[in-house]
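Engineer: give me a model of this one.
(2 chains)
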Amino acid sequence: MAAVDIETATVHPGDGHVAPDANYLVAERTLRSWLVTRDHKRIGILYLAMIVLAFFLGGVFALLIRIELFARGRTIVDAETYHRFFTLHGSIMIFLFIIPSIPATLGNFFLPIMIGAKDVAFPKLNLASYYIYLLGAAIVISSIVIGAVDTGWTFYTPYSVQSASAVVPMTLGVFVLGFSSILTGLNFMVTVHTMRAPGVTWTRLPLFVWGMYATALIQVLATPVLAITLLLLAAERVFGIGIFDPKLGGDPILFQHFFWFYSHPAVYIMIVPGMAIVSELIATFSRRAIFGYFAIAMSSIGLAVLGFLVWGHHMFVAGMSEFGTMLFSALTFLVAIPSGVKVFNWLATMYRGSIVWASPMLYAMGFIFLFTIGGLTGLFLGALSTDIHLTDTYFVVAHFHYVMMGGTVMGFLGGLLYWWPKITGKMHDEALAKVGFAFVFLGFNVTFLPQFVMGSRGMMRRYYDYRSEFLRFHQVSTVGSWLLSLGLFITAYVLLDALWRGKRAPRNPWGSAGFEWMTETPPPVSNFRETPVITRGPYDYHVATPEELATGWDEVADDEPGQGDKS
Amino acid sequence: MTNVSEPTNTRAELGGQKSARSSSAFLAHHFATAAQQLGAAKLGMWIFIATEILMFGGLFCAYSVWRGAEPEIFDQAHHFLSKPLGAANTIVLLFSSLTAALAVRSAGLGHRQATSAYLFATIACACVFLVVKYFEYSHKIHLGLLPGHCFGHPGFSEAMRGGREVGTCLRLDASDAPVMPEWLRAVDESGRVRVLPPRANMFFGLYFVMTGLHGIHVLVGIGVLSWVLVRNIRGSFSVQYYTPVDLAALYWHLVDLVWIYLFPLLYLVGKPE
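Structural biologist: From the prediction side, this is the model:
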């Protein structure tokens, strides 16, 4: 193996003059070398910059919504503008931020490293997916100028066919973004299948990789259906083909089926990567082999599969057959099984582990707490009798924010803090990161806990005005949103501050046995100096030697060539 | 060494000795062996084909829902599609799939000239298909069968009652006319006057969207095959490396396959008379 790798490393046709052992951040320094890079690590960072921007933009709309709801009646904008605000908040957060968030950034960066590959299988496609993302994002943002969409992010017909706002540019943008998502998923699937280093068997794949694989599976299988749905919607608006618009003889319920056939699995595109990160965090900061490795890995796949069978629970009150609703309700309850498997295995991993209260671990704990609330309230909504009362109320809003924001965003922030030393080579300020977490966690709960109460008392979502009995709840919620954004700004400051003033990060600051910590910090262009031969699992703390945890693999290999595996 | 499993074995078996040096011209830096690169490329293409099938799957799903709900619309409206032209296009596409497969075979045998000829034949068939499609579309648009606002035009039924063709469709504001057409009498492909049920626009909507999306895929296929043809003429391929020929042919088979379903579902769907 080693001989072959040295051969190919010297040939290196893509970017011939780059030394494969150089630190990827400074191997080339021109702006052009970043914009046309095919290095998955650099593409991950390009994505990260755009995704943080999208998060910021979506967050601004969220704050505007909350400010508008601080008092009854008109506070800052009229009802029309308010509708545009919540549509833009939803669309930007979902299509521009949360769907690409973890896979395109941390996944792009770490998936190849974790399987000992030099890059993803199709580096050019990876770069293409980034520019397709930019194009899609530009079209979505341009729709704000053309005539911001007011349909809600779900684009339900018939209103989306009639609305005077720029529905076609918006759906076209989402269509383009879907391509970017598909290409990322396709790349990850092929990478996991064909690019694993010797010894990285399926049962030694890090759980983060399993999560990315399950996510890729959903991206590849579900997104094309959204693509065709949006194409049909655009054709309906432009040509009036009569598939969805009842005025032309179409069926709006069919649109809901089509839309949720993608958008429910998409929920798992959003949450499974968060779970994947948490699995890594819990193992590292408990200093223990993950409990129930196989069960956690399979539960990711289980979520991916079950996610395709439960879309009907978004439509219980839309007029499905009673038999259909019962079937979808029963299938929905099944989702609780893989979710529960994960949560209990994480708890079992922590049991009698040597827990380190580092900031990423706090986010992992926050994830478990908030995701459990989000998941259990999902069961209220999956049950037919309660769902009829709770449909389209703030209970639903709170539920999915607990899963998406309390789950995915917590996992994303935890993952960013956890891997920041590896990505940038700099250590962040742990104390301030914990302060940031405290604000995020508290602010989040203050924002969304009152919404459960409001919702169960009949406060409908997307309403511009409300009855006076909800005033206090809305005000608490709005104040919470300020705390939450303060916490996010503190965390952003912690990450940026590390770049300029952070101490140089050691190779393995958290003492993890994970494969990605076994290479240099920051990683070389080819990820490992020579292709590693893996002889243990990523959570085998009982097998990993103390030297290995301190100095990784290739320093040993420097002394004894060919013994990098030291079995 | 414990249990060093599939990846090593696969690479060792398939890649073997000839990997790095002999194939360095086309082997990307991040692959260890040519076999690994080929495996990745093929898997990628198959996954892409799966996404394509799911995308068309949405349309087929809409088709089944509507056909299940309103079979008589399909029964009547399909007579407005030309069976001979559809059948001709089916034969053209099937033949092009054969030439695409032969192109892959000759590329594998290293017959560069033959590969070029087969690729050219495939592209030519694709063009023939689009030309036929053009005549079908323009005839239907001429008849005023474009869905939606056009179809709802009251002049359509008026003109059809007299057995005349409407000429180009007049667009009306939605408020001007009842959008839902009444039962329409119209002349079909075989010259018979037929009664089209209301909402027949939905059939033509499906027809235009499904064949239109397929047509876009044919166009993309022409582009991809031309690019592969140019590379083949330039001599970029060898017996060791002809992956692009292989993948382009795979894509072309998909385009063919989708049509194999579209033809009976749209053109031959009615009850026997």
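
Engineer: tell me where chain B has strands.
Structural biologist: Defined through DSSP state E, the strands belonging to chain B, from first to last, are B:184-187, B:193-196.

Engineer: looking at those, which has the lowest confidence?
Structural biologist: Set side by side, the strands of chain B give their lowest mean pLDDT on strand B:184-187, at a mean of 63.

Engineer: what's the nearest residue to whatever residue of the stretch 151-273 of chain B ends up closest to chain A if we skip its chain neighbours?
Structural biologist: Distances from the stretch 151-273 of chain B to chain A, computed as C-beta to the nearest C-beta, single out residue B:205 as the nearest residue at 3.0 Å. All C-beta atoms are positioned from the backbone trio N, CA, C, and that covers glycine. The shortest distance from residue B:205 to any non-neighbouring residue, by C-beta to C-beta, 6 or more residues apart in numbering or on different chains, is to residue A:241 (3.0 Å).

Engineer: so who does that neighbour touch?
Structural biologist: For residue A:241, the contacting residues are A:232, A:235, A:248, B:147-148, B:201-202, B:204-206, B:208-209, by C-beta atoms under 8 Å, 6 or more residues apart in numbering or on different chains.

Engineer: count the residues that sit near residue B:131.
Structural biologist: Using other C-beta atoms under 10 Å in any protein chain shown, residue B:131 has 12 other residues around it.

Engineer: how close does it get to residue B:49?
Structural biologist: Applying C-beta to C-beta, to the nearest Å, the value for residue B:131 to residue B:49 is 26 Å.

Engineer: repeat for residue B:122
Structural biologist: When residue B:122 is compared with residue B:49 (using C-beta to C-beta), they lie 17 Å apart.

Engineer: more neighbours: those two, which one.
Structural biologist: Taking neighbours as other C-beta under 10 Å, residue B:122 and residue B:49 compare with residue B:122 leading, 28 against 16.

Engineer: ok, residue 59 - contacts?
Structural biologist: By default, I'm working from chain A. A:485, A:488.

Engineer: that answer is for a different chain, and I need it for chain B
Structural biologist: When contacts are counted by C-beta under 8 Å, 6+ apart, residue B:59 is found next to A:228, A:232, B:206, B:209-210, B:213.

Engineer: next: residue B:50.
Structural biologist: Shown here is residue B:50, whose contacts under the criterion C-beta under 8 Å, 6+ apart are A:220-221.

Engineer: for chain B, what are the nearby residues on the stretch 151-300 of chain A?
Structural biologist: For the stretch 151-300 of chain A, the residues in contact with chain B (C-beta under 8 Å from any C-beta of the partner chain) are A:182, A:186-187, A:189-191, A:193-201, A:220-225, A:227-229, A:231-232, A:235, A:239-243, A:247-251, A:254, A:258.

Engineer: tell me the helix or strand right after whatever helix or strand residue A:175 lives in.
Structural biologist: Residue A:175 is located in helix A:167-194, with elements delineated by DSSP states H and E. If you walk from helix A:167-194 toward the C-terminus, the next helix or strand you reach (DSSP H and E) is helix A:207-238.

Engineer: so which elements touch that following helix?
Structural biologist: Using 3 or more C-beta pairs under 8 Å, 6 or more residues apart in numbering or on different chains; DSSP states H and E as the contact criterion, the secondary-structure elements in contact with helix A:207-238 are helix A:108-114, helix A:159-162, helix A:167-194, helix A:252-286, helix A:293-306, helix B:34-69, helix B:201-234.

Engineer: mind listing what's buried along it?
Structural biologist: Residues A:207-237 are the ones in helix A:207-238 that count as buried (16 or more other C-beta atoms under 10 Å in any protein chain shown).

Engineer: what do you get for stretch A:330-341?
Structural biologist: By neighbour count, and taking 16+ other C-beta under 10 Å as the criterion, the buried residues in stretch A:330-341 are A:331-332, A:335, A:338-339, A:341.

Engineer: count the neighbours of residue B:80 for me.
Structural biologist: As a burial measure, residue B:80 scores 21 neighbours (other C-beta under 10 Å).

Engineer: residue contacts, the closest residue to it other than its chain neighbours?
Structural biologist: Nearest non-adjacent residue to residue B:80, counting by C-beta to C-beta, 6+ apart: residue B:188, 5.2 Å away. Contacts were defined as C-beta under 8 Å, 6+ apart; by that measure residue B:188 touches B:79-80, B:194.

Engineer: for residue B:88, see how far away residue B:188 is.
Structural biologist: For residue B:188, the distance to residue B:88 (C-beta to C-beta) stands at 18 Å.

Engineer: what residues does the stretch 351-500 of chain A put near chain B?
Structural biologist: For the stretch 351-500 of chain A, there are no residues in contact with chain B under the definition C-beta under 8 Å from any C-beta.

Engineer: can you pull out the helices in the stretch 351-500 of chain A?
Structural biologist: With DSSP state H, counting those that start in this stretch applied, the stretch 351-500 of chain A shows helices at A:359-382, A:384-390, A:394-403, A:410-424, A:430-456, A:471-501, listed in chain order.

Engineer: for residue 16, give me the pLDDT.
Structural biologist: Going with chain A. Each residue has a pLDDT score; the one for residue A:16 is 47.

Engineer: hmm, I had chain B in mind actually
Structural biologist: Predicted confidence (pLDDT) for residue B:16: 39.

Engineer: again with residue A:448
Structural biologist: What the model reports for residue A:448 is a pLDDT of 97.

Engineer: please tell me how far the residue nearest to residue A:226 when sequence neighbours are not counted sits from residue B:52.
Structural biologist: Computed as C-beta to C-beta, 6+ apart, the closest residue to residue A:226 that is not its neighbour in sequence is residue A:262, at 3.6 Å. To residue B:52, residue A:262 is 16 Å away according to C-beta to C-beta.

Engineer: may I ask which helix or strand of chain A has the lowest mean pLDDT?
Structural biologist: For chain A, scoring each helix and strand by mean pLDDT, DSSP states H and E identifies helix A:2-11 as the least confident one, at a mean of 38.

Engineer: extract the C-alpha set from the helix or strand that it is followed by and format it as CSV.
Structural biologist: Sequence-wise, the next helix or strand downstream of helix A:2-11 (DSSP H and E) is helix A:31-35. Output of helix A:31-35 as CSV, limited to C-alpha atoms (Å, rounded to 0.1, in the frame of the first residue of the first chain):
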residue,chain,number,x,y,z
LEU,A,31,-7.6,33.7,-3.2
ARG,A,32,-7.9,31.8,-6.4
SER,A,33,-6.5,28.7,-4.7
TRP,A,34,-9.5,28.9,-2.3
LEU,A,35,-12.2,29.6,-4.9
